[in-house]
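J.: Here is my input; please provide its structure:
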Amino acid sequence: MIKKILVSQPKPSSERSPYYDMAENYGVDIIFRPFIKVEKIPSLEFRKQRINILSYSAVVFTSRHAIDSYFQIAKENHQPIPEDMKYFCVTETISLYIQKYIPYRKRKVFFSPTGKIEELTVIMQKHKNEQYLVPLSDVHDATIKALLDSKKLKHTECVMYRTLSNDFTPEEIAAFDYDMCVFFSPSGIASFVKNVPEETRQKVIVATFGPATTKAAHEAGLNVEVEAPTERYPSMTGALNKYLRDLED
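T.: Now for the predicted structure:
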């Protein structure tokens, strides 16, 4: 029985979030509490990487944090982003977030239809002459680089932000009574393992978004019962809805 779910993301700004519909439809409490916090690296530190943003004709975004950091660093370094810059995003949600900084135009914003980086590279190959810049966290693996290398795409990775554990207080640990935790990054999994005692972790059902997150959860010995994205359920809320609906049947 799932009665209380912890989502390791900030609380949605819109009251129309699918999470609220889910809470009402299935009678569950959904709490939002980030397991990680993100900081843009200082501009001086970025410049040491010798990356000229304007040397690239396209950017690959794997998170909203990457978008924030990219546009903030460009502004701090007085590098106005050309109007013809192209943006390739892992999910549609990430692509829509670009509207925070620029007008959204479909002719220059692309996203994976399944939420998987592999599907995004299929689209990128149709723009094989682009020079791709890939903003990343300081905590990342070589999966994306290896994949882009295998597709013979011209790309450069750079660190634009840091991912830090958003540690729990002793009071939060003492009151930890969630039936399910939802994760979106390997860093979130690492924070969970760091902060929550193993005895408590083993009682929690885990939902993961993305293959890297799922791999980290399995390696940590967590009870993974929900995985997204899938072809049928490209969003986490869609996958959670199916899981909760199946429990009621």
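
J.: Quick one: neighbours of the nearest residue to residue 225 once chain neighbours are set aside, just the number.
T.: Among residues not flanking residue 225 along the chain, residue 205 sits closest, at 5.1 Å (CB to CB, 6 or more residues apart in numbering). For glycine as for every other residue, the C-beta is placed from the backbone atoms N, C-alpha and C. Per other CB atoms under 10 Å, the neighbour tally for residue 205 reads 17.

J.: where's residue 205 relative to residue 73, distance?
T.: Counting by CB to CB, to the nearest Å, the separation of residue 205 from residue 73 is 38 Å.

J.: so the residue nearest to residue 225 sits right up against residue 223, yeah?
T.: Yes: applying CB atoms under 8 Å, one finds residue 205 in contact with residue 223, separated by 5.5 Å.

J.: Output the longest strand anywhere in the chain in PDB with nothing but the alpha carbons.
T.: Of all the segments of type strand in the chain, defined by DSSP state E, the longest one is strand 155-165. This file holds the C-alpha atoms of strand 155-165, laid out as PDB (Å, rounded to 0.1, in the frame of the first residue of the first chain):
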ATOM      1  CA  HIS A 155      30.900  17.900 -29.600                       C
ATOM      2  CA  THR A 156      32.700  19.300 -26.500                       C
ATOM      3  CA  GLU A 157      31.600  18.600 -22.900                       C
ATOM      4  CA  CYS A 158      32.100  21.300 -20.200                       C
ATOM      5  CA  VAL A 159      31.300  21.600 -16.500                       C
ATOM      6  CA  MET A 160      28.900  24.500 -15.800                       C
ATOM      7  CA  TYR A 161      27.400  23.500 -12.400                       C
ATOM      8  CA  ARG A 162      28.100  21.500  -9.300                       C
ATOM      9  CA  THR A 163      25.800  18.900  -7.800                       C
ATOM     10  CA  LEU A 164      25.800  18.700  -4.000                       C
ATOM     11  CA  SER A 165      24.000  16.600  -1.400                       C
END
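
J.: Show me how far that strand is from its chain's centre.
T.: The chain centroid and the centroid of strand 155-165 are separated by 13 Å under CA atoms, centre = their mean, to the nearest Å.

J.: go on, stretch 198-213?
T.: Averaging C-alpha coordinates over stretch 198-213 and over its chain gives two centres that are 16 Å apart (CA atoms, centre = their mean).
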